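Engineer: heads up, no residue letters with this:
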């Protein structure tokens with residue numbers, strides 16, 4: 001699952017992939033924003049991404065990463 005977190009007053013978003021479902025990631029983000037706690041997500045490489053819920057500007061939760069195979073047009 002590809003995830004992009006936009007943080008207030010920071011020019012670049014935080015981009016990473018996670019093995020969690022879109023529903024699980026959405027729930028983690030919504031709970032952290034509602035309770036003003038830390039967003040705590042582990043990415044697919046085992047790194048923990050920590051962002052204060054009150055500093056989140058936006059979140060984009062994409063579809064699962066699919067790698068193209070063959071010689072078809074991209």
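Structural biologist: Now that the structure is in, tell me what you want to look at. Please read these numbers as outputs of a predicted model, since none were measured by experiment.

Engineer: show me the shaky parts of the chain.
Structural biologist: Residues of the chain meeting the criterion pLDDT under 70: 64-70, 72-74.

Engineer: in three-state terms, label the most far-flung residue of it relative to its centre for me.
Structural biologist: Distance from the C-alpha centroid of the chain, by Cα atoms, centre = their mean, peaks at residue 71 (30.3 Å). With DSSP: H, G, I helix; E, B strand; the rest coil as the basis, the three-state label of residue 71 is coil.

Engineer: how close does it get to residue 43?
Structural biologist: Residue 71 sits 31 Å away from residue 43, going by Cβ to Cβ, to the nearest Å. From N, CA and C alone the C-beta is placed, and that goes for glycine too.

Engineer: repeat that for residue 26.
Structural biologist: Taken as Cβ to Cβ, the span from residue 26 to residue 43 is 16 Å.

Engineer: what's the strand or helix carrying residue 6 packed up against?
Structural biologist: Taking DSSP states H and E as the definition, one finds residue 6 inside strand 2-7. Judged by 3 or more Cβ pairs under 8 Å, 6 or more residues apart in numbering; DSSP states H and E, the packing partners of strand 2-7 are strand 14-17, strand 48-52, strand 56-61.

Engineer: ok, 6 Å please
Structural biologist: If you count contacts as 3 or more Cβ pairs under 6 Å, 6 or more residues apart in numbering; DSSP states H and E, strand 2-7 packs onto strand 14-17, strand 56-61.

Engineer: including mean neighbour count and distance to residue 5, could those go into JSON lines?
Structural biologist: JSON lines is the format used below for the helices and strands packed on strand 2-7 (neighbours: other Cβ atoms under 10 Å; distance: least, Cβ to Cβ, whole Å):
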{"stretch": "strand 14-17", "mean neighbour count": "14", "distance to residue 5": "4"}
{"stretch": "strand 56-61", "mean neighbour count": "14", "distance to residue 5": "5"}
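
Engineer: can you put the ones you listed in TSV and add distance to residue 49?
Structural biologist: Below are the helices and strands packed on strand 2-7 laid out as TSV (distance: least, Cβ to Cβ, whole Å):
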stretch	distance to residue 49
strand 14-17	6
strand 56-61	11
